[in-house]
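Asks: Give me the fold of what follows.
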Amino acid sequence: MNAVRLYEYGPAKNLHYETDVPDPEIADDQVLIATAATSINPVDWKMRSGEAAARFPLTFPAILGRDVSGVVRAVGKDVQGVSIGDRVMAFSPDSGAYASLVAIKAVNLTHTPEGLDLMEAAALPLIVLTGDQLVREACALQQGQSVLVTGALGSVGRAAVHSALTLGAHVIAGVRASQAEEAKELGTHGILAMDDEAARKNMGTVDAIADTTGEKATTPLLNHIREGGVCGTVVTPPPDVSLHSGVRLARIMAHPDPQRVLAFAEDYRDGKFKLPIVRRYALHEAAEAQAFAEKGGTGGKILLLAL
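Replies: Sure thing, here's the model as predicted:
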């Protein structure tokens with residue numbers, strides 16, 4: 001098969017496209033997917049550089065990539081409900097998606113909804129699970145509660161906003177002042193310019209902060225969480241949370257949940273959940289694609305096309 005392999009930690013140029021990588025073998029509970037596309041996520045370049053080595057150590061040569069969409073090529077003998085030729089999408093917790101073939105446990109995948117572009121489907125799994133689980137699990141948000149989603153125009157932030165609105169929460173989108181007009185498309189109940197000190201002081205209190213941006217941007221907002229509230233985060237926790245005895249800190253990492261991926265995929269297909277896809281690269285351009293993504297400020301998802 002074709003795959004992008006990494007032989008040592010380092011810069012994006014360490015990603016090598018190869019055309020003679022052995023095909024993966026599937027276990028009895030797995031399926032083999034002929035990849036249509038994968039996507040680039042921040043965890044990919046953090047794993048590549050070694051920044052995330054403590055949490056996600058690699059065995060070299062390694063194949064990165066946690067999102068996959070494609071067509072089922074083979075099915076393990078214990079797998080039910082999935083057939084050769086099915087269009088599927090999945091979050092691959094063990095990575096391995098920067099390849100033309102991906103072996104994955106059947107319980108981690110879902111069928112791609114009819115009418116959803118198979119390549120665009122690869123943009124969804126990791127970010128929608130991260131944003132959704134940030135809201136539902138870390139923040140334990142309930143209908144009628146209020147939440148500030150920081151970095152609301154980022155991919156994970158958009159998913160968190162959508163999840164919170166679906167739950168019936170009062171949602172405030174935290175963005176930069178320059179993004180306030182663009183943030184109106186999210187349909188939130190309010191917009192906070194997080195880089196505006198006066199706006200921060202006047203925001204009132206919320207039941208929770210769903211944090212996707214990190215410590216520097218979030219620390220000034222901790223005083224606005226009500227007593228007994230929560231700061232949920234998917235990034236480095238604000239260092240001052242411990243000084244706020246009435247605030248619970250909850251940090252999450254995404255775990256597979258095919259039904260939630262399916263729900264978001266249907267909403268994306270129907271235009272209810274919007275996620276910009278800004279660039280598409282061929283799989284052999286993975287090093288260039290990661291270098292572009294790592295600079296930040298891309299404004300949306302980047303796909304690697306395997307077909």
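Asks: can you list the weak-confidence ranges in this structure?
Replies: Scanning the chain with the threshold set as pLDDT under 70 gives 215, 237-245, 297.
Asks: Just the helices from it, written as ranges.
Replies: Under the criterion DSSP state H, the chain carries helices at the ranges 42-49, 125-133, 155-167, 180-183, 197-201, 215-218, 258-269, 286-294.
Asks: Next one: L148 from K201, what distance?
Replies: 14 Å (Cβ to Cβ, to the nearest Å). Where C-beta positions appear, they are placed from N, C-alpha and C, glycine not excepted.
Asks: Tell me which of those two has more neighbours.
Replies: Set L148 next to K201 and count neighbours by other Cβ atoms under 10 Å: L148 wins out with 29 against 11.
Asks: And that one, how far from A90?
Replies: 31 Å.
Asks: what's the answer for G131, then?
Replies: 17 Å.
Asks: Find the centremost residue of the protein, please.
Replies: Nearest residue to the geometric centre of the chain (Cα atoms, centre = their mean): I127, 1.7 Å.
Asks: tell me, how many neighbours does the nearest residue to that residue once chain neighbours are set aside end up with?
Replies: Nearest non-adjacent residue to I127, counting by Cβ to Cβ, 6 or more residues apart in numbering: S155, 4.3 Å away. Using other Cβ under 10 Å, S155 has 27 other residues around it.
Asks: show me the contacts for S155.
Replies: The neighbours of S155, taking Cβ atoms under 8 Å, 6 or more residues apart in numbering as the test, are 123, 127, 131, 275, 300-301.
Asks: go with 10 Å
Replies: 39, 41-42, 123-124, 126-128, 130-131, 212, 275-277, 298-302 (Cβ atoms under 10 Å, 6 or more residues apart in numbering).
Asks: can you check A12 too?
Replies: 6, 44-45, 48-49, 286-294.
Asks: among the residues you listed, which two are most distant?
Replies: L6 and F292 (17.4 Å; Cβ to Cβ).
Asks: Show me which of the two is the more surrounded one.
Replies: L6 (22 against 17).
Asks: ok, the more buried one to D270 distance?
Replies: 37 Å.
Asks: And H189, by the same measure?
Replies: For H189 relative to D270 (Cβ to Cβ), the value is 22 Å.
Asks: next one: G96
Replies: Taking Cβ to Cβ, one finds G96 at 30 Å from D270.
Asks: higher neighbour count, these two?
Replies: Using other Cβ under 10 Å as the criterion, G96 and D270 rank with G96 on top: 21 against 11.
Asks: list the contacts for the more buried one?
Replies: By Cβ under 10 Å, 6+ apart, the residues touching G96 are 3, 24, 35, 38, 62-66, 68, 102-104.
Asks: And for L134?
Replies: Per Cβ under 10 Å, 6+ apart, neighbours of L134: 141, 147, 149, 156-157, 159-160, 163-164, 208, 210-212, 232-234, 250-252, 254.
Asks: Among those, which lie within strands?
Replies: 147, 149, 208, 210-211, 232-233, 250-251 (DSSP state E).
Asks: Which member of those residues is positioned nearest D78?
Replies: The nearest member of the ones in strands among the contacts of L134 to D78, counting by Cβ to Cβ, is R251 at 34.2 Å.
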